[in-house]
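[1] model this:
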Amino acid sequence: MKTNAIETKVRMIPYNRGFTLIEALFAIAIFSIGILAVGSMQISAINNNASARMRTEATILAAETVEALMSLDNYNDPLLGADTQSASSPNNIYCLEWSATLDTPIPSTKTITLSVRWTDEETGCGNFDQKENQVNLDFIRANI
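    All right, here's what the predicted structure looks like:
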């Protein structure tokens, strides 16, 4: 028996006709559901990253404000008074408020409470009717 190098024998499997149209449609449907789940997961991740960025910016702004208030030369500076003080960030997204409680926790100290608020929408400092987020910091300034 002589075999040609080009000629090959293919073993036929009986009743093997490939995929049917219904099997292919089911595979595409399952694949589509998986892709949609990954897409919704990506949207959720993008929203969570944006929220984390805003919270980080607010925390940094609060820390910078605390440092500025702590570095004031005069213990009786009007910015460290019992009245509520307020300011806004340069981009007008974050609103800062702080007030001091005199002789707390001990005499000749002030406990200063600082809050930074923002909304998810860029509505400015005057409108907090939407969902509000907030970062709070308390610090103590001594009369040295």
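
[2] contacts and neighbour counts: CA atoms only from here.
    Will do.

[3] nearest residue to residue 98 other than its sequence neighbours?
    Distances taken as CA to CA, 6 or more residues apart in numbering place residue 114 nearest to residue 98, at 4.2 Å, with adjacent residues excluded.

[4] Low-confidence bits of the protein, can you list those?
    For the chain, applying pLDDT under 70 flags the ranges 1-19, 120-131.

[5] any idea how far the residue nearest to residue 102 when sequence neighbours are not counted lies from residue 40?
    Spatial nearest neighbour of residue 102, excluding adjacent residues (CA to CA, 6+ apart): residue 110 at 4.7 Å. Going from residue 110 to residue 40 by CA to CA, to the nearest Å gives 48 Å.

[6] which of the two has more neighbours?
    residue 110 (23 against 11; other CA atoms under 10 Å).

[7] In contact with residue 42, which residues are there?
    By CA atoms under 8 Å, 6 or more residues apart in numbering, the contact set of residue 42 is empty.

[8] now residue 142
    By CA under 8 Å, 6+ apart, residue 142 lies in contact with 75, 108, 109, 110.

[9] and it, backbone torsions?
    phi -100, psi 150 (degrees, to the nearest 10).

[10] Could you list everything it pairs with in the sheet?
    residue 109 (DSSP bridges).

[11] got it, and residue 95?
    Assigned bridge partners for residue 95, using DSSP bridges, are residue 88, residue 117.

[12] ok, it touching residue 89?
    Yes. When contacts are counted by CA atoms under 8 Å, residue 95 is listed as touching residue 89 (6.4 Å).

[13] In terms of packing, which of the two has more residues around it?
    residue 95 (21 against 14).

[14] just to revisit the earlier point, for PyMOL, write a command that selects the buried ones of the contacts of residue 142.
    To isolate in PyMOL the members of those that are buried, counting by 16 or more other CA atoms under 10 Å, one can use:
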select buried, resi 75+109+110
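
[15] That'll do, ta.
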